[in-house]
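> what follows is a predicted structure for the sequence shown.
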Protein chains: 2
Amino acid sequence: MNRPTMKDVARAAGVSPMTVSRVVSGAPGVAPETAARVGQAVRRLGYQRDDNARSLRQKNLGTSTIGLVVDDLANPFYALMARSVEDEAHRRGHVVLVGSTNDEPQREREVIAAFTARRVDGLILVPTSGSHAFLKRPMDGGTQVVCVDRPARGLAVDTVTVDNRAAAGRAVTHLLGHGHTRIAYLGDRYDIWTQAERHTGYRDALAAHGIPEDPALVRHELRSQPQARAALDALRTLPDPPTAVFTSNDVITLGVLDALGDPAPLALVGFDDLPLAERLTPPLTVVSQDPVALGGTAANLLFSRIAGDRSAPRSVVLLTRFVVRGSGGPLPAGA
Amino acid sequence: MNRPTMKDVARAAGVSPMTVSRVVSGAPGVAPETAARVGQAVRRLGYQRDDNARSLRQKNLGTSTIGLVVDDLANPFYALMARSVEDEAHRRGHVVLVGSTNDEPQREREVIAAFTARRVDGLILVPTSGSHAFLKRPMDGGTQVVCVDRPARGLAVDTVTVDNRAAAGRAVTHLLGHGHTRIAYLGDRYDIWTQAERHTGYRDALAAHGIPEDPALVRHELRSQPQARAALDALRTLPDPPTAVFTSNDVITLGVLDALGDPAPLALVGFDDLPLAERLTPPLTVVSQDPVALGGTAANLLFSRIAGDRSAPRSVVLLTRFVVRGSGGPLPAGA
DNA sequence: ATGAAAGCGCTAACAG
DNA sequence: CTGTTAGCGCTTTCAT
């Protein structure tokens, strides 16, 4: 009923535990005949090595476990990233612990603490807006850290992001190019780095066209689809309502779509692509980022660090694609 | 540079390691004054307990780690399930290892082996079609297992599924009710339990209306969106093409939508809801299941087992919702 | 209230 | 080629 240990296998095979260890770990220097006997005992008892005990002793090999901490694993964007990280880890014989923060620094600390207490070799982190100085200690202890999607305050580590500001600017410029001057900005919490960057890109574009930002058209802190929907409904009751909207993430885009009628009376460009975006009427124009590339790049950086790379922290900026489909102005027809 | 251990803290606080252990674990019977001194040493050295070493000694408490093994973490359906499982685990002070199988028994075994080698307390499993007899040993060793979405062959454990067969039957009956008699079935690999069930539901419905199944209208083994698209294109070139389609999962539904023109010339009902389904023209009629409920139910069952429940394995069947939006026939208008 | 000894399952380092 | 000893970081058990 209890799990067999090396001792049990050793007894069954008539050898010492050390010999079992060598066989199980594929170490050289065991007579083929002995190895065979041990192998049989292993199979007969259904023995499986305890990797926790193993890594307790072998401090140099690590735990072959990494942690992935994202905003919300249920968000398709992070889910794709997670899958990409998992594949890289799997290729290298590592397993992945996952945790969601909900963008709450409190929960982030709990999750990270639980991971480092289990001595993960490294951490891939979508950081919340809180300070990350508390990661200094684990890092001194050898835990490697890589940030993805956003940089972490007070922490100099490898970071993989996209060109949020430029991409947002391009999106808004697209709307301006189609004659819009009353362009609303709908964003998530402003203390999230990507959101602040995207808002800055929005302002860049307006400024470049000599249009002053109208605070009445700017809404931050939209945390859910219904909130985004309500925000747009409110904007449309303004005496001088917007004729176009820039939405700063996928959830908000969905909320705005909820608010819009079918032959959409407003031009719309969103950050983040959506599965059926090209089949809407009109098809949705978006800024598209590649979560698989983000996750893969972060994982590669992390595993380099785990392998011993101690060079200065790198910042990798991946490019987005601007996908014009029609909802921001022209292009439909024979598409 | 090296991580401090209890010994280090003990020395710094002028006590024995055992006292540190008591303080760190919040055990009773330590003088408040001593506890304070230890606490300071802990903070000064940045000490964090090694939970792997801890659970090596405390065999009764387990590792507070569970494993979640799904088909594909990038699939929004499993991502939602994963988030739900993670929340339940977090509430109970557990962390979650995740792995994707791609529906390959080989990879499934690798992932599960890596998890059990780390002595997870339990496993939530979306099993592939392979035999799962190999799980007997870990289960004898105390690892609890719960299946979700599908049952596992050769393994009597708690299982959470939905009413796939009945739901598929209802969907196809809906199409029949709108006068269709040439209804195509597009499905994923037939050895996946849910797919076989849904196909059976399709046949049930046809049989109930006295319509013989036409093999020319049935396609299995569609593993991707492009494959589904191609399959539908092929069906439409038949001398006597289908007038309606039932798609057996979300990926296939997306593929079929790719193949369809805008005023869809075919009636369509799909298994699994999609984010923008109600904004398509026509809005998509679907069978909707609740991945959050599936994951949450599975997690609750697992934690009961971990807590010591040794009653006979349970089978929980959750209900789906049939959401009529128009693509399968009537209802649009002033919707 | 505190500590000393022993051992969880495994492997490094050294014998033989 | 194989075994012995010691110890990874922690906690159980039993003293004091």
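In hand now; what should we look at?
> determine the three-state secondary structure at the residue positioned nearest the centre of chain A.
Nearest to the geometric centre of chain A sits residue A:78, at 4.6 Å (Cα atoms, centre = their mean). Classification of residue A:78 using DSSP: H, G, I helix; E, B strand; the rest coil returns helix.
> the nearest residue to it once chain neighbours are set aside: how many residues sit nearby?
Leaving aside its sequence neighbours, residue A:78 sits nearest to residue A:70 (Cβ to Cβ, 6 or more residues apart in numbering or on different chains; 4.1 Å). Backbone N, C-alpha and C define where each C-beta goes, glycine included. The number of residues packed around residue A:70, counting by other Cβ atoms under 10 Å in any protein chain shown, is 26.
> do the same with the one 5 residues further on
As a burial measure, the neighbour count of residue A:75 was computed by other Cβ under 10 Å and equals 22.
> tell me the domain ranges of chain A?
As recorded under automatic domain parsing, the domains making up chain A are A:6-49, A:65-162+A:291-320, A:164-289.
> switch the ones you listed over to CSV; also include distance to residue B:130 and mean pLDDT.
CSV is the format used below for those (distance: least, Cβ to Cβ, whole Å; pLDDT from 0 to 100):
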stretch, distance to residue B:130, mean pLDDT
domain A:6-49, 18, 96
domain A:65-162+A:291-320, 18, 97
domain A:164-289, 30, 96
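> which ones are touching whatever residue of the stretch 201-335 of chain A ends up closest to DNA strand D?
Distances between the stretch 201-335 of chain A and DNA strand D by Cβ to the nearest atom of the strand are smallest at residue A:306, namely 18.4 Å. Contacts for residue A:306 (Cβ atoms under 8 Å, 6 or more residues apart in numbering or on different chains) come out as A:62, A:66, A:121, A:122, A:144.
> residues from chain A in reach of DNA strand D?
A:14-19, A:22, A:29-31, A:33-35, A:53, A:56-57, A:59 (Cβ under 7 Å from any atom of the strand).
> which ones among the residues you listed also lie next to chain B?
Among the residues of chain A next to DNA strand D, the ones lying near chain B by Cβ under 8 Å from any Cβ of the partner chain are A:53, A:56.
> just the buried ones from the residues of chain A next to DNA strand D?
Among these, the ones that count as buried by 16 or more other Cβ atoms under 10 Å in any protein chain shown are A:15, A:19, A:22, A:30, A:34, A:35, A:53.
> surely residue A:74 touches residue B:83?
Yes: judged on Cβ atoms under 8 Å, residue A:74 makes contact with residue B:83 at a distance of 3.7 Å.
> which stretches of the stretch 51-200 of chain A form helices?
A:51-57, A:76-91, A:105-117, A:136-140, A:164-177, A:193-208 (DSSP state H, counting those that start in this stretch).
> could I get those as TSV with distance to residue B:105?
Formatted as TSV, the helices of the stretch 51-200 of chain A follow (distance: least, Cβ to Cβ, whole Å):
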stretch	distance to residue B:105
helix A:51-57	22
helix A:76-91	15
helix A:105-117	30
helix A:136-140	37
helix A:164-177	42
helix A:193-208	40
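> closest to residue A:225 out of those helices?
Comparing the helices of the stretch 51-200 of chain A by their distance to residue A:225 (Cβ to Cβ), the top pick is helix A:76-91, with 13.5 Å.
> so what's in contact with residue A:74 and residue B:83 at the same time?
Taking Cβ under 8 Å, 6+ apart as the contact rule, residue A:74 and residue B:83 both touch residue A:100.
> what about the residues of chain A next to DNA strand D, which are in helices?
A:17, A:18, A:19, A:22, A:33, A:34, A:35, A:53, A:56, A:57 (DSSP state H).
> would you mind measuring from the first one to chain B?
Residue A:17 sits 16 Å away from chain B, going by Cβ to the nearest Cβ, to the nearest Å.
> again, but for the fifth one
Using Cβ to the nearest Cβ, one obtains 26 Å as the distance from residue A:33 to chain B.
> if we ignore the residues flanking it in sequence, what's nearest residue A:166?
residue A:201 (6.4 Å).
> circling back: which of the contacts of residue A:306 sits closest to DNA strand C?
Distances from DNA strand C to the contacts of residue A:306, taken by Cβ to the nearest atom of the strand, are shortest for residue A:62, at 12.1 Å.
> please verify my assumption that that closest one contacts residue A:121.
Yes: using Cβ under 8 Å, residue A:62 makes contact with residue A:121 at a distance of 4.2 Å.
> who's more crowded, the two?
Per other Cβ under 10 Å, whichever of residue A:62 and residue A:121 has more neighbours is residue A:121, with 21 against 18.
> what about the residue of the stretch 151-300 of chain A found nearest DNA strand C, how many neighbours?
Nearest residue of the stretch 151-300 of chain A to DNA strand C: residue A:299, at 25.8 Å (Cβ to the nearest atom of the strand). When neighbours are defined as other Cβ under 10 Å, residue A:299 has 28 of them.
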